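K.L.:
Here's my sequence, what's the structure:
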Amino acid sequence: MNQPARSGLLGKSKMIGLGVMLGLLLVFSTVVVLVTFSVRNDIRLQMLDVDSHVLNLLVRNEIEQAEADAELVFEFESLGEVELWSALLETATLDGVFAVQYFDEAGELRQSSSELLVGHSVAESITHGLEEEGRHTVFSDELWLSDFADVDFSSDRRVAVSDIYLSLVSSDGNTDYGTARYLMDGSALAKQFSMLDLQLVRQASIAVGIGGALVLLIFWVAWKRLSEANARVLRHADRLTKANSELAMLARTSAVGSVTAHLIHGLKNPLAGLREVVSAGRSGEVELDEEEWKGASEAADRMQRMVQEVIGVLQDSSTGLSYEMESGELFRVLESRFTRVAEEQGIVFSVSGEGGVKMDSRVSNIVTLIVSNLVQNAIEATPESGRVGVTFSCAGPNASVRVEDSGKGVPEEMKGQLFSPVTSGKSGGAGIGLTISSQLAKHLGGSLRLLDTGEGAVFELEFPTEESFLEGVD
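P.N.:
Below you'll find the model as predicted:
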């Protein structure tokens, strides 16, 4: 990986790390705030419950006292509205009580110490709370004093009020007298709430500060270790990239060596024949006829063609340039090269298969070298009136070429070492043609094998249509 790319990757990693860190701080702070608000609400409810509990005890005591003064004898006897209201008025004289109201069992207002509160009734939500706990409190710090007390305009002000509802029952619990409502001064409670909020804010700030510092410390340590690990990974990636390039270069060099070996192998026999013709012509020992000179010329042409083909492959491999070719072009090359040669030997030569398959040009060139060697071997091994056929097929990213002949086939003793450099079955052969072709097939990422069909020889070349063996090399 080059330095600009690495610097960009490290910069991006730092931005990601900063974003993660800020995200963690935000999540932690949010959790602390939510927990603080939950605790605040619980404490406020407990503080409100204390006032309503104390007032409830006082009201029950007054009801018991009123029942005792009324000298109730039978269980079905209960306080009347007048006696009950008198007991409630006794509690209205307590410090901080602005007003008191009495509602019957149906929730309708029966008595009120303030004419300004006439018309009010018990809401259903409050009735539900009374059924569960026997008391319900609503706190507000934005009520005007004139809403429930007869005061001058100049004396009107906003006050904090605890609106407390109490269920009224007889001392034995058998009689439901209704509901009492008390409006009490909540200024002291408002101060306590304010002090509570201030204390909770301080504690939350301390928690966020200390917790945030710990989060940052843990994240910094983790990030440092992660950065060190990332740096090691980048170093390993650089070494792997370099090793991959070197391996690809070795593969390219090896492929070039195999192609060169193919050239040497292909030139050996034509050169030997040409040398014999030239030597005979010079010595004058043998007078060469037109056919022999024609054969010598064809051998020279064949060598020239092979040199050009190999040079083309080497140039493509060294420059890295490639382009698309279709399998039909491979068919035309094989037909132009071997049709006339086969006819001269009385052999039927044919090429068939899918002609529109696209291939990389470098792959196509090497495939042409391999198949040409196979076809040349097949023609030499096929007797007169025989046949040699080439069949091309494609399945997905891979393609295959079969070269079949109607000759005697490969002897059993040679099948085990067919692709090893041993003595050839042909006169004057070095036995390395198939070895080189197999090596070239491996460089393509494919394979070359002999198929056991029971008649003649059938060689199958399988290869990928893209140059996979050099993939990733620039």
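K.L.:
The strand or helix carrying Gly389 packs against which elements?
P.N.:
Under the criterion of DSSP states H and E, Gly389 resides in strand 387-395. For strand 387-395, the packing partners by 3 or more C-beta pairs under 8 Å, 6 or more residues apart in numbering; DSSP states H and E come out as helix 327-344, strand 348-353, helix 361-381, strand 398-405. Any C-beta I mention is one placed from the backbone N, CA and C, and that applies to glycine too.
K.L.:
For the longest one, name the packing helices and strands.
P.N.:
If I follow you right, that is helix 361-381. Contact analysis of helix 361-381 by 3+ C-beta pairs under 8 Å, 6+ apart lists helix 187-283, helix 290-319, strand 324-326, helix 327-344, strand 387-395, strand 398-405, helix 433-443, strand 457-464 as its packing neighbours.
K.L.:
Tell me how far the fourth one lies from the chain's centre.
P.N.:
Taking C-alpha atoms, centre = their mean, to the nearest Å, one finds the center of helix 327-344 at 51 Å from the center of the full chain.
K.L.:
Report all helices and strands that that helix contacts.
P.N.:
Secondary-structure packing of helix 327-344 (3+ C-beta pairs under 8 Å, 6+ apart): strand 348-353, helix 361-381, strand 387-395.
K.L.:
quick one, which of the ones you listed is nearest to Leu217?
P.N.:
The minimum distance between Leu217 and the helices and strands packed on helix 327-344 falls on helix 361-381, with 57.0 Å, by C-beta to C-beta.
K.L.:
Take that closest one, keep the C-alpha atoms, and write them as CSV.
P.N.:
The C-alpha atoms that make up helix 361-381 are tabulated as CSV, following Å, rounded to 0.1, in the frame of the first residue of the first chain:
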residue,chain,number,x,y,z
SER,A,361,-6.0,-12.2,-25.9
ARG,A,362,-3.1,-13.5,-23.8
VAL,A,363,-5.1,-16.6,-22.8
SER,A,364,-6.1,-17.1,-26.5
ASN,A,365,-2.5,-16.9,-27.7
ILE,A,366,-1.3,-19.5,-25.2
VAL,A,367,-4.3,-21.7,-25.9
THR,A,368,-3.4,-21.5,-29.6
LEU,A,369,0.2,-22.7,-28.9
ILE,A,370,-1.1,-25.6,-26.8
VAL,A,371,-3.8,-26.7,-29.2
SER,A,372,-1.5,-26.3,-32.2
ASN,A,373,1.0,-28.7,-30.6
LEU,A,374,-1.8,-31.2,-29.8
VAL,A,375,-3.1,-31.0,-33.4
GLN,A,376,0.4,-31.4,-34.9
ASN,A,377,0.9,-34.5,-32.8
ALA,A,378,-2.5,-35.8,-33.8
ILE,A,379,-1.9,-35.4,-37.5
GLU,A,380,1.5,-37.1,-37.2
ALA,A,381,-0.1,-40.0,-35.3
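K.L.:
about what we covered before: and the angle for the strand holding Gly389 with helix 327-344?
P.N.:
Angle, strand 387-395 to helix 327-344, by axes from the mean of the first three to the mean of the last three C-alpha atoms, to 10 degrees: 170 degrees.
K.L.:
can I see the domain layout of the chain?
P.N.:
Residue ranges for the structural domains of the chain, counted by automatic domain parsing, are given in the record as 3-185, 254-470.
K.L.:
So, low pLDDT: which residues of this structure?
P.N.:
The chain contains residues with pLDDT under 70 at 1-13, 73-76, 119, 150-152, 244-322, 420-433, 467-474.
K.L.:
Please repeat the previous calculation with a cut-off of 50.
P.N.:
Low-confidence segments of the chain (pLDDT under 50): 423-424, 427-432, 469-474.
K.L.:
for it, what's the longest strand?
P.N.:
As far as residue count goes, and with DSSP state E defining each element, the longest strand of the chain is strand 158-169.
K.L.:
now for the helix or strand following that strand, which elements pack on it?
P.N.:
Moving toward the C-terminus from strand 158-169, the next helix or strand (DSSP H and E) is strand 176-185. Applying 3+ C-beta pairs under 8 Å, 6+ apart, we find strand 176-185 packed against helix 3-69, helix 81-92, strand 97-103, strand 158-169.
K.L.:
For Arg235, which of the domains of the chain is the nearest?
P.N.:
Among those, the nearest to Arg235 by C-beta to C-beta is domain 3-185 (10.0 Å).
K.L.:
distance between that closest one and the chain's centre?
P.N.:
Relative to where its chain is centred, domain 3-185 has its mean C-alpha point 53 Å off (C-alpha atoms, centre = their mean).
K.L.:
same deal with stretch 355-365?
P.N.:
The chain centroid and the centroid of stretch 355-365 are separated by 36 Å under C-alpha atoms, centre = their mean.
K.L.:
Quick one: end-to-end distance for that stretch.
P.N.:
Distance between the two ends of stretch 355-365: 16 Å, counting by C-alpha to C-alpha, to the nearest Å.
K.L.:
Which positions within that stretch qualify as buried?
P.N.:
Neighbour-count burial for stretch 355-365 flags 357, 359-365 (criterion: 16 or more other C-beta atoms under 10 Å).
K.L.:
TSV for those, including distance to Leu58?
P.N.:
As requested, those are arranged in TSV below (distance: C-beta to C-beta, whole Å):
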residue	distance to Leu58
Val357	101
Met359	101
Asp360	99
Ser361	103
Arg362	102
Val363	101
Ser364	105
Asn365	107
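K.L.:
Kindly indicate which of the residues you listed lies nearest Leu22.
P.N.:
Proximity of these to Leu22 (C-beta to C-beta) peaks at Asp360, which lies at 49.3 Å.
K.L.:
Check the spacing between that closest one and Arg337 real quick.
P.N.:
Using C-beta to C-beta, to the nearest Å, Asp360 is found at 21 Å from Arg337.
K.L.:
now Leu24
P.N.:
When distance is defined by C-beta to C-beta, Leu24 is 71 Å away from Arg337.
K.L.:
Show me what the longest strand of the chain is packed against.
P.N.:
For strand 158-169, the helices and strands in contact under the criterion 3+ C-beta pairs under 8 Å, 6+ apart are helix 3-69, helix 124-133, strand 135-144, strand 176-185, helix 187-283.
K.L.:
Deepest in the core, which of those is it.
P.N.:
Each of the helices and strands packed on strand 158-169 was scored by mean neighbour count; the highest is strand 176-185, a mean of 22, by mean count of other C-beta atoms under 10 Å.
K.L.:
Just checking: what are the partner strands of it?
P.N.:
Sheet pairing of strand 176-185 (DSSP bridges) gives strand 97-103 (antiparallel), strand 158-169 (antiparallel).
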